[in-house]
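Participant: A predicted structure for the sequence below; I have some questions about it.
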Amino acid sequence: MEEKMMAESARLRHEYLRHDKKFPHVWCPGCGIGIVLGSLIRAIDSLGLDKDELVLASGIGCSGRLPVYVDFNTIHTTHGRALTFATGIKLANPSLTVMTVMGDGDATAIGGNHFIHAARRNLNLTAIIINNQIYGMTGGQYSPTTPYGSNSATSVYGHIEHAFSIAELAVTAGASYVARGTVYHVPALDKLIARGIEKEGFSVIEIMSNCHTQYGRRNKMPDPVTMMKWFRDQAVSVSRAAKMEAAELEGKFTIGILADRDKPSYTSEYQHIREQALHQEKKK
Amino acid sequence: MDDYWQRKKNLEKEGRKLYDQQIFRDWCKGCGICVSFCPRQVYQMDEFNKPVVVNADDCIGCRFCVFHCPDFAITIIRRFSDRRKKADHK
């Protein structure tokens, strides 16, 4: 009865956030990572997973602070190596649900090779990539996902390189499930994350997040509200994008499920090989 | 206070669902997302640059502010006039 009288959001806060951590959290006012944290908690709650059966690994950066606040088995690892640690954990104990939280620089610049090879191997992991289009924590240097022509601390006359599309990179690299969401479309994001955790195989969820402190202020979007309105206007759903011309999609990005395919995952294949070997050993 | 209960009674007669907004000001950083995006202008910034509830009766319970608050500072609950009589409500 007590539970019914409590609001859903209050129940989630009490159940999943670590009580001994200092709140409010370290991120800037209005930072999208806080919204992603709430979305992740709701997705895990909707699946009814046990907190002790979950592992959340993260690298370095603003997003690396995320596992600190949630009450799962968490590990805060070296820069770009969240996926390698997660691979080790998953292979050591395949019954665990292993997730990683990475930033855009963490996943595609420093850990770029780990990312594409984890997707190619199709390990049964969930990678949540928070794409804020800049290196926020270190002072606003451009990252592999900084859009062409935008300003940053190391590209004050406009960025001359072209940006990665993380989700499309993951589709090509062979991930089982690839989705993209934004911090504006939160109810959709909850479902995308929940589906990604459920999915057997490597699932990538790229989340467009706002860094108004480092990226927005240099690009005429100085507050979180302007940036979130920008996400609202630039995001096009996959089904609508299929009907649009290429010229109309200039500068926009698609949201929704970009790939959802069934492939044998590394984890199940490895288990299969192991059983085969044990069987042959017994015959001798 | 009588005015409050009377107003609530009138609104409930119209068939409106009413909601209460709780803002945990210790966790709020005053980013302004709830104030700007609320479809019914329920919140307003006060002199400390943090939101206060000004139109609690207008809230439609969409929970946009709950989902988009990065600091977990907002809670929306249904407002029940006969809460004590019916404790097993949802």
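Facilitator: Okay, I see it.
Participant: does the residue nearest the centre of chain B sit in a helix or strand, and which one?
Facilitator: Geometric centre of chain B, nearest residue: B:Gln21, 2.4 Å, by Cα atoms, centre = their mean. Assessed by DSSP states H and E, B:Gln21 sits inside strand B:19-23.
Participant: List the buried residues of that strand.
Facilitator: Judged by neighbour count (16 or more other Cβ atoms under 10 Å in any protein chain shown), strand B:19-23 contains these buried residues: B:19, B:21, B:23. For every residue, glycine as well, the C-beta is placed using N, CA and C.
Participant: Export those residues as TSV, with columns for distance to A:Ser203.
Facilitator: Shown next, in TSV, are the buried residues of strand B:19-23 (distance: Cβ to Cβ, whole Å):
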residue	distance to A:Ser203
B:Tyr19	35
B:Gln21	35
B:Ile23	35
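Participant: can you list those residues in TSV and add distance to chain A and pLDDT?
Facilitator: Shown next, in TSV, are the buried residues of strand B:19-23 (distance: Cβ to the nearest Cβ, whole Å; pLDDT from 0 to 100):
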residue	distance to chain A	pLDDT
B:Tyr19	10	87
B:Gln21	11	90
B:Ile23	12	91
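Participant: what's the neighbour count on A:Ala7?
Facilitator: Neighbour count of A:Ala7, defined by other Cβ atoms under 10 Å in any protein chain shown: 18.
Participant: How about the contacts made by it?
Facilitator: Contacts for A:Ala7 (Cβ atoms under 8 Å, 6 or more residues apart in numbering or on different chains) come out as B:75-77.
Participant: follow-up on the earlier one: isn't the residue nearest to the centre of chain B right up against B:Ile76?
Facilitator: Yes - between B:Gln21 and B:Ile76 there is a contact at 5.8 Å, judged by Cβ atoms under 8 Å.
Participant: any common contacting residues for those two?
Facilitator: Listed as contacting both B:Gln21 and B:Ile76 by Cβ under 8 Å, 6+ apart are B:59, B:65.
Participant: follow-up on the earlier one: strands - which of the contacts of A:Ala7 land there?
Facilitator: Taking DSSP state E, the ones among the contacts of A:Ala7 that sit in strands are B:75-77.
Participant: which residues of the stretch 151-284 of chain A fall in strands?
Facilitator: Residue ranges of the strands in the stretch 151-284 of chain A, as given by DSSP state E, counting those that start in this stretch, are A:177-182, A:203-208, A:235-237, A:253-260.
Participant: List just the nearest of the ones in strands among the contacts of A:Ala7 to B:Tyr4.
Facilitator: B:Tyr4 lies nearest to B:Ile77 out of the ones in strands among the contacts of A:Ala7, by Cβ to Cβ, at 16.5 Å.
Participant: Return the set of buried residues in stretch A:125-141.
Facilitator: Here stretch A:125-141 shows A:125-137, A:140 as buried, counting by 16+ other Cβ under 10 Å.
Participant: Now tabulate the contacts of A:Ala7 in JSON lines and tack on pLDDT.
Facilitator: Formatted as JSON lines, the contacts of A:Ala7 follow (pLDDT from 0 to 100):
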{"residue": "B:Thr75", "pLDDT": "91"}
{"residue": "B:Ile76", "pLDDT": "90"}
{"residue": "B:Ile77", "pLDDT": "87"}
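Participant: can you narrow those residues to ones near chain A?
Facilitator: Counting by Cβ under 8 Å from any Cβ of the partner chain, B:75-77 from the contacts of A:Ala7 sit close to chain A.
Participant: burial count for B:Thr75?
Facilitator: Around B:Thr75 there are 21 residues (other Cβ under 10 Å).
Participant: so after whichever helix or strand A:Ala118 is part of, what's the next helix or strand?
Facilitator: Using DSSP H and E, the element containing A:Ala118 is helix A:112-121. From helix A:112-121 onward toward the C-terminus, using DSSP H and E, the following helix or strand is strand A:126-131.
Participant: Would you mind writing the CA trace of that next one as PDB?
Facilitator: Extracted in PDB, the C-alpha atoms of strand A:126-131 (Å, rounded to 0.1, in the frame of the first residue of the first chain):
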ATOM      1  CA  THR A 126      24.600  -3.300 -24.600                       C
ATOM      2  CA  ALA A 127      26.500  -0.200 -25.500                       C
ATOM      3  CA  ILE A 128      24.900   3.200 -24.600                       C
ATOM      4  CA  ILE A 129      26.800   5.900 -26.400                       C
ATOM      5  CA  ILE A 130      26.000   9.500 -25.200                       C
ATOM      6  CA  ASN A 131      26.900  11.700 -28.100                       C
END
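Participant: Could you confirm whether that strand reaches chain B?
Facilitator: No - contact of strand A:126-131 with chain B (Cβ under 8 Å from any Cβ) is absent, the minimum separation being 12.2 Å.
Participant: That strand packs against which elements?
Facilitator: Contacts defined by 3 or more Cβ pairs under 8 Å, 6 or more residues apart in numbering or on different chains; DSSP states H and E place strand A:126-131 against helix A:32-47, strand A:97-103, helix A:104-105, helix A:186-198, strand A:203-208.
Participant: Report how many residues lie close to B:Pro70.
Facilitator: Neighbours of B:Pro70 (other Cβ under 10 Å): 28.
Participant: who touches the closest residue to it other than its chain neighbours in this structure?
Facilitator: What sits nearest to B:Pro70 in space, not counting adjacent residues and going by Cβ to Cβ, 6 or more residues apart in numbering or on different chains, is A:Gly34, at 2.6 Å. Contact analysis of A:Gly34 by Cβ under 8 Å, 6+ apart lists A:25, A:27, B:69-72.
Participant: Checking my notes, B:Gln44 in a strand, right?
Facilitator: Yes - counting by DSSP: H, G, I helix; E, B strand; the rest coil, B:Gln44 is located in a strand.
Participant: Disregarding flanking residues, what is the spatial nearest neighbour of it?
Facilitator: B:Val54 (4.6 Å).
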